[in-house]
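Chemist: Pasting the sequence and the predicted model now:
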Amino acid sequence: MIIKESYITLTDLRFHAFHGVMPQERLTGNDYSVSLRIGYPVFDACLSDEVDDTLNYASVYDIVSQEMNVPSQLLERVAYRIADRLFGKFNLITVLDVKLNKLNPPFGADCYGAGIELHLINDKTEL
């Protein structure tokens, strides 16, 4: 059996953070969700049952949490910082999808949120 592709996912991680262009957003903050889909080779972990053979969810969460705690004006910047840190720490990541949503955007719309999605490849990893 051959694993063609494998992904680690973290879905709807919740944070209260202080991102935004408007001064009020930087003062009171907003609620956010972050979802990740991380291309990562997991074959060894499938056989070994050892966390050292895969991408540790807790380590990924720590990076996301740290970056969410750094205020920025734009969600694009926050999502890119998350991606940059993950690629920098885990060189076996092949592809990464980052979805960052502001759950209560300050533009008067009745919606589930507004945000950004980045779809990135590791240009240092052969696909």
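Modeler: Arrived safely, thanks for sending.

Chemist: lowest average confidence, helix or strand, in the chain?
Modeler: helix 23-28 (a mean of 91; mean pLDDT, DSSP states H and E).

Chemist: I'd like the next helix or strand past it.
Modeler: Once the chain leaves helix 23-28, the next helix or strand it forms, by DSSP states H and E, is strand 30-39.

Chemist: buried residues in the very next helix or strand once past that next one?
Modeler: Going down the chain from strand 30-39, the next helix or strand is helix 43-48, by DSSP H and E. Neighbour counts over helix 43-48 (16 or more other C-beta atoms under 10 Å) mark A45 as buried. (Each C-beta comes from the backbone N, C-alpha and C, glycine too.)

Chemist: So what touches helix 43-48?
Modeler: Residues outside helix 43-48 that contact it (C-beta atoms under 8 Å, 6 or more residues apart in numbering) are 3, 6, 50-51, 53-54.

Chemist: In contact with R37, which residues?
Modeler: Contacts of R37 by C-beta under 8 Å, 6+ apart are 7-9, 95-97.

Chemist: Out of those, the closest to V70 would be?
Modeler: Among these, L96 lies closest to V70 (C-beta to C-beta), at 18.7 Å.
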